[in-house]
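> here are the coordinates; sequence isn't available:
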């Protein structure tokens, strides 16, 4: 019931955002849309009845560029991270999401990056584009290194794409540990239970000195940090 009500609220928000998107596009500004997105995530948390305990925000410079890497337990993780990260973050999202009216256009305008995994080299091109956004515009990105939500609540193998993004963009990685979202909304479940989740931001991991040749060491270092909070 709460999930259906939230979908209704988000549908109304998307309709109301349309004229704001037009103004932002004409003026070439992005932050108003990012602020609306974070506000919408806070609304969603309240409607679903989810409390969040967060720690470690003092461990990184809120004005610097990073690649944030949390574990992935639930559909709740993405919106929650957008809400909690104390700066505007972009994401790399499947290309078909950008076909959603208003929402897709807004995501494209603020600098989110589409990826078409069916096209040859699509993932590499998306990483290169996102890395340029980090270097040239100072953007931060949110990447789930597991690539997909866990089926059993356990930490999965980390994929390399997000690490190549951090190296190419020269942005430190902030490992993040999420606990509790799997119990509230596991993969395949529609609707979330009420409850409390915790999020811990770990110290940034510099990417200086890492390359394709030793990226496995960087992956293990970040994975160990995420795992330490579970």
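Yes, it's here. Worth saying up front: this structure is predicted, and the values here are computed from it rather than measured.

> May I have the phi/psi pair for residue 94?
phi -50, psi 140 (degrees, to the nearest 10).

> What confidence value was assigned to it?
As predicted, residue 94 sits at a pLDDT of 86.

> For it, list the residues it contacts.
114-117 (Cβ atoms under 8 Å, 6 or more residues apart in numbering). No exception for glycine: its C-beta is placed from N, CA and C like everyone else's.

> and with 10 Å instead?
Counting by Cβ atoms under 10 Å, 6 or more residues apart in numbering, residue 94 makes contact with 114-118.

> Check residue 105 too.
Contacts of residue 105 (Cβ under 10 Å, 6+ apart): 17-18, 21-22, 25, 33, 98-99.

> filter those to the buried ones?
With burial judged by 16 or more other Cβ atoms under 10 Å, the buried subset of the contacts of residue 105 is 17, 21, 33, 98.

> tell me the SS of residue 196?
Assigned with DSSP: H, G, I helix; E, B strand; the rest coil, residue 196 falls in the strand class.

> List the beta-bridge partners for it.
Beta-bridge partners of residue 196, counted by DSSP bridges, are residue 51.

> burial of it, as a residue count?
When neighbours are defined as other Cβ atoms under 10 Å, residue 196 has 13 of them.

> before we move on, what about residue 223?
Neighbours around residue 223, by other Cβ under 10 Å: 19.

> likewise the one 5 residues further on?
Applying the criterion other Cβ under 10 Å, we find 11 residues in the vicinity of residue 228.

> Surely it touches residue 179?
No: at 11.9 Å, residue 228 does not count as touching residue 179 under the criterion of Cβ atoms under 10 Å.

> overlap in contacts of these two?
Common neighbours of residue 228 and residue 179, using Cβ under 10 Å, 6+ apart, are residue 200.

> Dihedrals phi and psi, residue 34?
The phi/psi pair for residue 34 (degrees, to the nearest 10) is phi -60, psi -40.

> Now do the contacts for it.
24, 82, 87-90, 106, 110-111.

> Ok, residue 138 next?
With Cβ under 10 Å, 6+ apart, residue 138 has these contacts: 63-65, 87, 169, 171.

> from those residues, which is closest to residue 13?
Closest approach to residue 13 among those (Cβ to Cβ): residue 87, at 21.6 Å.

> Please report the number of neighbouring residues for that closest one.
Using other Cβ under 10 Å: residue 87 sits among 17 other residues.

> SS state for the closest residue to it other than its chain neighbours?
Using Cβ to Cβ, 6 or more residues apart in numbering and skipping the chain neighbours, the partner closest in space to residue 87 is residue 62 (5.5 Å). Using three-state DSSP, the three-state assignment for residue 62 comes out as coil.
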